[in-house]
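> Sequence first, predicted model second:
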Amino acid sequence: QVQLVESGGGLVQPGGSLRLSCAASGSIVSYSHMGWYRQTPGKQRELVAAMMTGGGMTTEYAAAVQGRFTISRDTANNRLHLQMNNLKPEDTAVYYCNARRTAGITTYIDWGQGTQVTVSS
């Protein structure tokens, strides 16, 4: 299990940009699925972007952020990033880093504590 710590959240005006980072306390090499999720009060946590390894690197984005957000993974430094451009008020949420790995028949899922992103003028 690794500890995940998000950073980079804050207040930004519509149209602005933020870069979220997720620092892992250990190696992320074995994590085949890493992603960013977000949650607003009263709603379920939803996938924003994910990066999967195994047979090559693939990415997945929520339709609402496609073309504006970019996920990247820095394995050498055990970090996951989310570049968010052209932010909209509806992007306001707590953003969580997620890491998932499978060992045998067991799947391990780790979450960070979240970082608040507020998009407002």
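Okay, I see it. Numbers count the residues shown, from 1 in each chain.

> residue boundaries of the helices in the protein?
In the chain, no helices are defined using DSSP state H.

> got any ranges where it has weak pLDDT?
For the chain, no stretch is flagged by pLDDT under 70.

> okay, which residue is most central for the protein?
In the chain, the centroid-proximal residue (Cα atoms, centre = their mean) is residue 36; its distance is 2.1 Å.

> Was I right to think that residue contacts residue 48?
Yes - the criterion here is Cβ atoms under 8 Å, and residue 36 meets it with residue 48 at 4.4 Å. Heads up, the C-betas are built off the backbone N, CA and C, glycines and all.

> Now list whatever residues contact both of these two.
Contact criterion Cβ atoms under 8 Å, 6 or more residues apart in numbering; residues shared by residue 36 and residue 48: 82, 95.

> how about the strands in this protein?
For the chain, strands defined by DSSP state E occupy the ranges 4-7, 10-12, 18-24, 33-39, 46-52, 58-61, 69-74, 79-84, 93-103, 106-111, 115-119.

> List the contacts of residue 109.
Going by Cβ under 8 Å, 6+ apart, residue 109 touches 98, 99, 100.

> Quick check: bridge partners of it?
Beta bridges link residue 109 to residue 100, judged by DSSP bridges.

> same deal with residue 39?
residue 94.

> residue contacts, it?
Residue 39 neighbours (Cβ under 8 Å, 6+ apart): 45, 46, 93, 94, 96, 114.

> out of the residues you listed, which are buried?
45, 93, 94, 96, 114 (16 or more other Cβ atoms under 10 Å).

> Rebuild the residues you listed as a markdown table, extending it with distance to residue 67.
Formatted as a markdown table, the buried ones among the contacts of residue 39 follow (distance: Cβ to Cβ, whole Å):
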| residue | distance to residue 67 |
| --- | --- |
| 45 | 22 |
| 93 | 18 |
| 94 | 23 |
| 96 | 22 |
| 114 | 24 |
